[in-house]
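Peer 1: How does the following fold in three dimensions:
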Amino acid sequence: MKEDRSLIKFLLLNIITAGIYGLIFWNRYAADMNTVCMGDGRNTRKVLGRILLTIITSGIYELVWLYRAGDRIAANCRAKGIPAKATGGSVLLWYTVGALLFGIGPLVAVNKLIRGLNDLSAAYNRRAGRGAGATVNVNIVTNAA
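Peer 2: The predicted structure is shown next:
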């Protein structure tokens, strides 16, 4: 599981690709979140559903998604004994109220989400017995007669 996501890389690639990278990033983010948090009874919605619900609710769903993502990270960090870098409340506060601080609040919120999933991914990789970017070799033996 990828554990080296970074805010700087996200911002630069998002600018260079005129937002396309952001869509890919958040879709992969949700898929990875669902993998590392499997078994917690929750599901993080991928980017298409997130965009559609945000449009339908005039932007409110985006705030709900952010809160739920932060809350899910915090709950799974606690369950795994990892210090949580994000909580639903902290992400939502930085995203909304923090926007008044020269517009940097949303960047802090996104960074909290990125760092939180990186920590969960690292724990997932350790539990699976592999490091970041490791591959799994599968040997298949067949009895050919």
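Peer 1: wait, what's in contact with the residue nearest the centre of the chain?
Peer 2: Centroid-nearest residue in the chain, with CA atoms, centre = their mean: Tyr29, separated by 4.1 Å. By CB atoms under 8 Å, 6 or more residues apart in numbering, the residues touching Tyr29 are Arg5, Thr44, Leu113, Leu117. For every residue, glycine as well, the C-beta is placed using N, CA and C.
Peer 1: Likewise for Leu48?
Peer 2: Counted by CB under 8 Å, 6+ apart, Leu48 has contacts Asn27.
Peer 1: Within the helices and strands, which one has it?
Peer 2: Element membership of Leu48, judged by DSSP states H and E, is helix 47-56.
Peer 1: Next one: Asn118 from Met38, what distance?
Peer 2: Taking CB to CB, to the nearest Å as the measure, Asn118 falls 17 Å from Met38.
Peer 1: The two: which has the busier surroundings?
Peer 2: Set side by side, Asn118 and Met38 show more neighbours around Asn118, with 19 against 12, by other CB atoms under 10 Å.
Peer 1: Distance check, the more buried one against Val64.
Peer 2: Computed as CB to CB, the Asn118 to Val64 distance reads 23 Å.
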